[in-house]
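Asker: Sequence plus predicted model, see below.
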Amino acid sequence: MLLKQIIWRSWRITSRNEAEKYSPTQLVESFPGFKQNEQLRGQIRHIMGKNTVRFCDCVVKGQLDFLPRMPPSILKRIINFVNAEDIVNLGRSCKSIFEICNSDEVWRAVYCRYHKEPPNKVVRELAEKYGWKRVFFTNKLKLQLQIRRLRLDRGQPAGDEAANDKINNVASGKTPTLMDSQSQHPQKAYLRGFSSLES
C-alpha cells in the first residue's frame with residue numbers, strides 16, 4: 001500500500017519448464033476506486049482473508065488506528081502521562097496495548113510517579129512476587145500485612161505491636177478496607193487506597 005494507491009502483485013507457481021511462459025501480474029488501484037474493484041478485493045480476500053480487506057477499507061477511508069502500531073517504547077512514554085484509572089481502561093482497547101498497559105515496567109513507573117520517591121527494598125520484593133500493578137492497587141493496611149508476612153517468612157521482626165493489631169484486624173475481617181467500603185467503584189477505591197500509602 002502506498003500513500004494513494006494499492007498495488008497487488010502475484011506470481012503463478014509452475015514447474016521450471018513452464019516458468020518462462022508466465023510472468024508476474026500486477027493490479028494497481030487508486031484509493032477511490034478500491035471499493036468498486038471486485039477483482040482486486042476478491043484476490044486479497046482469497047489470499048489474505050477478510051480482515052485484510054477490512055484493514056484496506058479503513059486505510060482508504062483514513063480511519064487507520066495508529067496507536068497500536070506505534071513502537072512499544074513510544075507508547076510507554078505516552079502512558080507515563082496517563083492517570084492510573086485511564087491506563088486500566090486503555091488496556092481494554094486491544095490485545096497489543098493490553099500487554100503494554102499490564103507490564104511491570106509501566107506500573108513501576110506509575111508507582112514511582114504517585115509516590116514521588118523510589119520504592120524501598122521490601123516493596124520491590126513484593127512487586128517481584130505479585131507484580132507492580134497489584135502492589136500499586138493494594139491499600140495501605142493490606143500492603144503492611146503483605147510486608148509483615150514477607151518479613152516473617154525471612155525470620156525478621158514483623159514490626160511494632162500497634163501496627164500488628166491493625167494488620168490482624170484486617171486479616172480477621174474486623175476492619176473494612178477501602179476496597180470493601182467502596183466496592184461499587186473499585187477503580188476509584190483502588191486509587192484512594194493507594195493515595196493513603198503516602199500518609
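Answerer: Yep, it's here. Predicted, not measured: the structure shown is a model, and the values here were computed from it. Numbering: from 1, shown residues only.

Asker: State whether residue 86 is indeed within a strand.
Answerer: No: remark: residue 86 does not belong to a strand; assigned using DSSP: H, G, I helix; E, B strand; the rest coil, it is helix.

Asker: Residue 116 versus that one, what's the distance?
Answerer: As for residue 86, its distance to residue 116 is 20 Å (criterion: Cβ to Cβ, to the nearest Å). In short, each C-beta sits where N, CA and C put it, glycine included.

Asker: where along this protein do the strands fall?
Answerer: With strands called from DSSP state E, the chain shows them at 5-10, 25-30.

Asker: Show me what the first one is packed against.
Answerer: When you say that, I think you mean strand 5-10. In terms of contacts (3 or more Cβ pairs under 8 Å, 6 or more residues apart in numbering; DSSP states H and E), strand 5-10 is packed against strand 25-30, helix 31-34, helix 38-48.

Asker: Need the ones you listed in TSV (columns: mean pLDDT, mean neighbour count and distance to residue 70).
Answerer: TSV is the format used below for the helices and strands packed on strand 5-10 (pLDDT from 0 to 100; neighbours: other Cβ atoms under 10 Å; distance: least, Cβ to Cβ, whole Å):
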stretch	mean pLDDT	mean neighbour count	distance to residue 70
strand 25-30	88	13	28
helix 31-34	90	15	23
helix 38-48	91	14	23
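
Asker: so where is the chain shaky, pLDDT-wise?
Answerer: Applying pLDDT under 70 to the chain picks out residues 19, 140-141, 143, 151, 154-199.

Asker: And the lengthiest helix in it, what does it pack against?
Answerer: Ordering each helix of the chain by length in residues (DSSP state H) puts helix 140-153 first. Contacts of helix 140-153 with other secondary structure elements, assessed using 3+ Cβ pairs under 8 Å, 6+ apart, are made with helix 121-130, helix 161-172.

Asker: the inter-axis angle of it versus helix 121-130?
Answerer: With axes from the mean of the first three to the mean of the last three Cα atoms, to 10 degrees defining the directions, helix 140-153 sits at 90 degrees from helix 121-130.

Asker: Just the C-alphas of helix 140-153, formatted as PDB.
Answerer: Listed next in PDB are the C-alpha coordinates belonging to helix 140-153 (Å, rounded to 0.1, in the frame of the first residue of the first chain):
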ATOM      1  CA  LYS A 140      -2.000   0.600  52.900                       C
ATOM      2  CA  LEU A 141      -3.100  -1.900  55.600                       C
ATOM      3  CA  LYS A 142      -3.200  -4.800  53.200                       C
ATOM      4  CA  LEU A 143       0.200  -3.800  51.900                       C
ATOM      5  CA  GLN A 144       1.500  -3.700  55.500                       C
ATOM      6  CA  LEU A 145       0.100  -7.200  56.000                       C
ATOM      7  CA  GLN A 146       1.900  -8.500  53.000                       C
ATOM      8  CA  ILE A 147       5.200  -6.800  54.200                       C
ATOM      9  CA  ARG A 148       4.700  -8.400  57.600                       C
ATOM     10  CA  ARG A 149       4.200 -11.900  56.100                       C
ATOM     11  CA  LEU A 150       7.300 -11.400  54.000                       C
ATOM     12  CA  ARG A 151       9.400 -10.400  57.000                       C
ATOM     13  CA  LEU A 152       8.100 -13.400  59.000                       C
ATOM     14  CA  ASP A 153       9.000 -15.700  56.100                       C
END
